[in-house]
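Novice: Here's my sequence, what's the structure:
(one chain, ligands or ions: 2)
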Amino acid sequence: MYQIYPHSFKDSNGDGIGDLPGALSKLDYLQNLGVDVVWFSPLYVSPLKDMGYDIADYYEINPLYGSMDDWQKVCDGLHERGMRLMMDLVVNHCSSENDLFKDSVARKNGKDDWFIWRDAKKDKDGTRCPPNNWGSAFSGSAWEWSDERRQYYLHMFEQTQPDFNWENVDVRTEVHKIMKFWMDKGCDGFRMDVINMISKTPGLPDAPSQNPGDFVGPGQLVFNGPHVHEYLHELNKEVYAKYDPVINVGECPAVTPDAGLKYVARAREELKMIFQFEHTDIDLGPGGKFTPKSWKLTDFKEIMNKWQHVMQDGDGWNSLYLENHDQPRSISRYADDSPEFRDVSARGLAVFHVSLAGTPYIYQGQELGMTNRKEWPLRDCRDVETINYYEDTIEKRSRKTGKTRDEIDMSDVIDQFQKKSRDNARTPMHWNAEKYAGFSTSEPWIPMMNDYEEYNAANQVDKSGSHYEWFKAMLKFRKDNQTLIYGMFESVDQENEKIYAFTRTDKDRKLLIVCNFTSTKVKWTLPKDLSSSRLKLLISSYKDTTEASTTLSLEPRESRIYDLTK
Ligand code: TEU
Ligand code: CA
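Specialist: Ligands and ions are numbered 1, 2, ... in the order given. Alright, predicted model coming up:
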């Protein structure tokens, strides 16, 4: 799977914003890489408060990206090349500019009950306040007052992203209709945004809170709610089951492996895959993603290995992602983006990524070895989550200390933006070494990385030893070695803090994958139960290794695959 973030992929008309004709011109690039399915982040009409995850019209393409005709050309172009198209479906919420919401505000056209409306509460002084203490994912209360309707509506994300009331069967029927509309045109399935948030805890009770008066994330009060499986089973029956074959993946923050399996276990007929968040929440600090938390390799292994086991034991299937449009770049987060180790990190991670059980998802630029930007001063930030967090934090600090904005030290926050901001993934794709990296002929909507002259597609496609060619080779290796697709996963030496090793076994072969997750050389001795096997080296992310003994000397960030059978 390959994810395109349309705003930043390829601009065709020089307005600094990626678009569908741009994407159309790059389909050969994707086919050549070995991609089977392309997932587009939202393309629909949107005011772009949350970059298209706020949909104003589910049945039209955003004119910034082109026309329905352009969409059809991309869809057909993918099919002609043997690839499929996965759209992004954002139906936990829409944009407040959507007519569905406007009608609901006005209590018109039977839409009264399509969103989650509640009367105000009154505090001690009789001042109007929100119905509960839930905080939105993008700072502040999760409730917004409508003067017109004289009620609050729930928005788990930005205030212009009202949550649908899925308990209303008309809402669910409308979602089915939207899906069929696109699938009838040739779309092959959907990545379903925060789909485990569609059923909220009845009564919408307050979340437990240390500081009364603060807004707090409601956690399990909004995730994996009492009706979520019923709604997804119904959706499967009404839509997916009528089209064959289909693809889908549900985005599910805050799921444990056991809860996650319930969405994808084959017999339950809900979804094919989910995106879980445990490995991306690994560095989530006590105050949320912009507060730091250190982690050890064994923490990472524990998470990844748990998911591997739960899915294979429970007849489910994993999605495998290390980065996406919401996450920092994987080299910067899980490996080492310093000049010396960046390239070996990219190569080593690619081997790791394709060797786990599940479907690998590549995010645009990952195949070129793109990293986080080195700094994100506030003026460069574009993401609503990032900007709101800054404003919320500076305001809280100012209230607490009585200092003015200029006097407040925000360097810790700016430092965290460099590590975690979603803008890291959203810098324009690097196509060549020309100005604006061949992404556009005019200044892009978001600052470029400054390393594009070296890290770009023109430098890499068909250039032996490049990241693109390495990724391509790894995807091919995976397809040529079915053991990596269907083989059973087993962890090896799980307590090791430097080496991530595991085996994949089917009836014909046993493969051993060994990844050095440090930037130093590491010697690793095979555990006893494996040491009697004969090792045949199949892959090393370094050029000249031939080593095949029971004690291995791994180079910094090196990954290898051995055949243990022959
Ligand atoms: O993301 C859901 C989600 O959990 C993220 O918002 C997460 O809280 C945040 O990105 C962590 O930094 C999906 C989309 O992928 C995201 O782009 C949207 O902003 C969000 O839903 C709302 O639609
Ligand atoms: Ca454009």
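Novice: make it CA atoms for all contacts and neighbour counts henceforth
Specialist: Fine.
Novice: helices and strands around the lowest-mean-pLDDT helix or strand in the chain, which ones?
Specialist: Least confident helix or strand of the chain, by mean pLDDT, DSSP states H and E, is helix 528-531 with a mean of 88. Applying 3 or more Cα pairs under 8 Å, 6 or more residues apart in numbering; DSSP states H and E, we find helix 528-531 packed against no helix or strand.
Novice: Going C-terminal from that helix, what's the next secondary structure element?
Specialist: strand 536-540 (DSSP states H and E).
Novice: did I read that right, P444 in a helix?
Specialist: No. Membership of P444 in a helix is not supported by DSSP: H, G, I helix; E, B strand; the rest coil, which gives coil.
Novice: My read is that it contacts N13, right?
Specialist: No. Counting by Cα atoms under 8 Å, P444 stays clear of N13, with 11.8 Å between them.
Novice: any idea of the pLDDT on the closest residue to T551 other than its chain neighbours?
Specialist: Sequence neighbours aside, T525 is the residue nearest to T551 in space, at 4.1 Å (criterion: Cα to Cα, 6 or more residues apart in numbering). With respect to pLDDT, T525 scores 95.
Novice: what's the residue closest to the geometric middle of this structure?
Specialist: When Cα atoms, centre = their mean is applied to the chain, the residue found nearest the centroid is N324 (4.0 Å).
Novice: would you list every one of the helices in the stretch 301-450 of the chain?
Specialist: Counting by DSSP state H, counting those that start in this stretch, the segments of the stretch 301-450 of the chain that form helices are 330-334, 342-355, 384-401, 411-420, 423-426.
Novice: Return the residues of the stretch 251-400 of the chain in contact with ligand 1.
Specialist: Residues of the stretch 251-400 of the chain lying close to ligand 1 (Cα under 6 Å from any ligand atom) are 253, 326.
Novice: Equivalent analysis for the chain, please.
Specialist: Counting by Cα under 6 Å from any ligand atom, the chain sits next to ligand 1 at 50, 53, 137, 157, 193-194, 253, 326.
Novice: Contacts only, for the residue of the stretch 401-550 of the chain found nearest ligand 2.
Specialist: Ligand 2 sits closest to S440 of the stretch 401-550 of the chain, with a gap of 7.9 Å, by Cα to the ion. Shown in contact with S440 (Cα atoms under 8 Å, 6 or more residues apart in numbering): 10-18.
Novice: Near ligand 2, which residues of this protein are found?
Specialist: For the chain, the contact set with ligand 2 under Cα under 5 Å from the ion comprises 11, 13, 15, 17-19.
Novice: re the thing from before, how about the residues of the chain next to ligand 1, which pair is most distant?
Specialist: D50 and P253 (17.5 Å; Cα to Cα).
Novice: What lies in contact with stretch 540-554?
Specialist: 344, 347-348, 351, 516, 521-526, 531, 535-537, 555, 558-561.
Novice: PyMOL command for the buried members of the contacts of S440?
Specialist: Typed into PyMOL, the line below selects the buried ones among those, using 16 or more other Cα atoms under 10 Å:
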select buried, resi 10+11+12+13+16+17+18
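Novice: any chance of the contacts of S440 in JSON lines, plus secondary structure and pLDDT?
Specialist: As requested, the contacts of S440 are exported to JSON lines (DSSP: H, G, I helix; E, B strand; the rest coil; pLDDT from 0 to 100):
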{"residue": "K10", "secondary structure": "coil", "pLDDT": "99"}
{"residue": "D11", "secondary structure": "coil", "pLDDT": "98"}
{"residue": "S12", "secondary structure": "coil", "pLDDT": "98"}
{"residue": "N13", "secondary structure": "coil", "pLDDT": "98"}
{"residue": "G14", "secondary structure": "coil", "pLDDT": "98"}
{"residue": "D15", "secondary structure": "coil", "pLDDT": "98"}
{"residue": "G16", "secondary structure": "coil", "pLDDT": "98"}
{"residue": "I17", "secondary structure": "coil", "pLDDT": "98"}
{"residue": "G18", "secondary structure": "coil", "pLDDT": "98"}
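Novice: Show me the strands in the stretch 401-550 of the chain, by range?
Specialist: Applying DSSP state E, counting those that start in this stretch to the stretch 401-550 of the chain gives strands spanning 488-492, 499-505, 510-516, 522-525, 536-540.
Novice: and among the ones you listed, the most buried is which?
Specialist: Among the strands of the stretch 401-550 of the chain, the stretch with the highest mean neighbour count (mean count of other Cα atoms under 10 Å) is strand 510-516, at a mean of 25.
Novice: Just checking the distance from that one to the centre of its chain.
Specialist: In terms of Cα atoms, centre = their mean, to the nearest Å, the centre of strand 510-516 is set 26 Å apart from its chain centre.
Novice: Neighbouring strands of it in the sheet, and parallel or not?
Specialist: Applying DSSP bridges, strand 510-516 is found paired with strand 499-505 (antiparallel), strand 559-563 (antiparallel).
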